[in-house]
Structure formats: structure tokens, C-alpha cells
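Asks: no sequence on this one, just coordinates:
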């Protein structure tokens, strides 16, 4: 899993925009073979230029996950590094939140991650090596009004990752979690100036994260230097989540 390897097969779910796109770019620029999944729209031309493989896949559908992995395995080999990034939000206050609002977010963010990790580790177990990185959120531990569904799903990733780390550690497979805070992406650009100021007031470093800063942490956890790190939760949040 080191950079002495000529190239690894990397999969980034939800890699067509935002943090996922930046993570995919970082691995591709380092010389890895990178596949991304996307659910809707078209993948950006940038990925094609970088030589990335874009596979349409809804991670809430087990059969689509299976077909995506088969295509990736045929075109770039078994996945050696999995970054489970795909996720959704359906924010609503608790008393107004429908069961569908809750279950759909959990099915994508938590159960969807279970689906891709289970499928990816099949080959990792045979190879007796692998890296799994899950993208959670600062709200997994701090909570957030109107995001009980999202926070629950992202908190669930931590317990899931630590269980996987204990199960698969003896096979040289690590499983870690990144908890980004507020990141400067298209999703946060739609916030009002008042909302942005309120958020920054909670961040000791006084600024948003850049997607590249999240990507750098992911690449570290996939490197040889992080071979003895597993079951860890790495905050990339400017100090926002301290104490949680």
C-alpha cells in the first residue's frame, strides 16, 4: 500500500463533486488508478482528463453496487483503497421530519457505506491488505439542530468503522474515519452571509476547510505511513468539534 507501489486501484464513492472529487483528484495526481461512483448527472470532464473511471451507481441498490465493482475490477483491478464518501442530507426539525426523511438518509449514508465496504473487503481479504476510509462529519459527535437523521447516520459510521477495524486488522486491512467540519464547497456557498458568520464563530481557526485539506488526510490514511492507524477518527474541522 506504499507509494513504492507503481499504482493502486482506488475507489471514491460520490467522487463527482465537492470533497469526493478533490479526493479522487489527489489520488489520480499521485499516480493511482482511480474510479469514482456518481448517482446523477454527468461526471466532470476533469476526471476523464485525469484518466479516472466514472461508474454510475446508486449505493442504496445492492445490485448496482455489485455491477459497479465488477466494472471497476475488470478495468483497473480489485479495489485496494476504498473511500466511502457518498452521502445525502434531508434536513428537517425532528417534529416535522418524516420517517422517509430519516430512513432515506440512513440508507444512503450508513447502509450504503456498509454495502460498498462489504463488497470491497472481499478482495482485500484475499490480498491480505487494504485501506478503507469513511467520510463522516463533525456533527456525528456534536449533533446539529435539524440534522438528527444526518448526524445519526454519520455517527453510525464510527461504530461501524471500529468494528470493521477489529474484524479485519489481522489481515492488514485498516478502517478509519475522517470527520470534516464546514468545507468550502458548492454546498456551503449557498449559505447566507449571516449563516456563514455564525458557523465561523464556532471554528477556532476562523475559516472554512479547503477540500484539498480533507483529501490530504485521506491520502495519509491510505499511505504506508499510516499502516499502524486503524479505528481512528481524524477531525478536519478547524477545532470545531473539540471536546466531543
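Replies: The structure has been received and is ready for your questions. Note that the structure is a prediction, hence the values are computed from the model and not measured.
Asks: Pull the contacting residues for the residue sitting nearest the centre point of the chain.
Replies: Compute the mean C-alpha point of the chain, and by CA atoms, centre = their mean the closest residue is residue 85, 2.3 Å away. Taking CB atoms under 8 Å, 6 or more residues apart in numbering, we find residue 85 in contact with 12-15, 19-20, 23, 135. For glycine as for every other residue, the C-beta is placed from the backbone atoms N, C-alpha and C.
Asks: unless I'm mixing things up, residue 215 is touching residue 25, no?
Replies: Yes: between residue 215 and residue 25 there is a contact under CB atoms under 8 Å: 7.3 Å.
Asks: the helices in this structure, which residues?
Replies: 18-29, 45-49, 62-76, 99-106, 112-127, 139-142, 148-168, 186-189, 193-200, 211-221 (DSSP state H).
Asks: Run a quick neighbour tally on residue 142.
Replies: Look at residue 142: counted by other CB atoms under 10 Å, it has 18 neighbours.
Asks: With adjacent residues omitted, what lies nearest to it?
Replies: residue 244 (4.8 Å; CB to CB, 6 or more residues apart in numbering).
Asks: coming back round to it: how about the helices of the chain in TSV, adding distance to residue 39 and mean pLDDT?
Replies: Formatted as TSV, the helices of the chain follow (distance: least, CB to CB, whole Å; pLDDT from 0 to 100):
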stretch	distance to residue 39	mean pLDDT
helix 18-29	11	96
helix 45-49	15	91
helix 62-76	9	98
helix 99-106	13	98
helix 112-127	10	98
helix 139-142	22	94
helix 148-168	16	98
helix 186-189	15	70
helix 193-200	26	83
helix 211-221	19	97
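Asks: Now do the contacts for residue 84.
Replies: 13, 112-113, 116-117, 132-135, 157.
Asks: how far away is the closest residue to residue 31 other than its chain neighbours from residue 22?
Replies: Distances taken as CB to CB, 6+ apart put residue 7 closest to residue 31, at 5.6 Å, once the chain neighbours are dropped. Distance of residue 7 to residue 22, computed by CB to CB, to the nearest Å: 20 Å.
Asks: Help me confirm that the residue nearest to residue 142 comes into contact with residue 139.
Replies: No: contact between residue 244 and residue 139 fails when scored by CB under 8 Å: they sit 9.5 Å apart.
Asks: that older thread, for the residue nearest to the centre of the chain, report the pLDDT, please.
Replies: On pLDDT, residue 85 comes in at 97.
Asks: The residue nearest to residue 108 when sequence neighbours are not counted: neighbour count?
Replies: Excluding the flanking residues, the one nearest residue 108 by CB to CB, 6+ apart is residue 88, at 4.8 Å. A total of 16 residues lie near residue 88 under the criterion other CB under 10 Å.
Asks: going forward can the numbers begin at 52, since that is how I track them
Replies: Sure thing, new numbering starts at 52, so read that last one as residue 139.
Asks: Would you agree residue 139 is in contact with residue 154?
Replies: No: here residue 139 does not reach residue 154: they are 11.8 Å apart, not a contact under CB under 8 Å.
Asks: Understood, closing this out.
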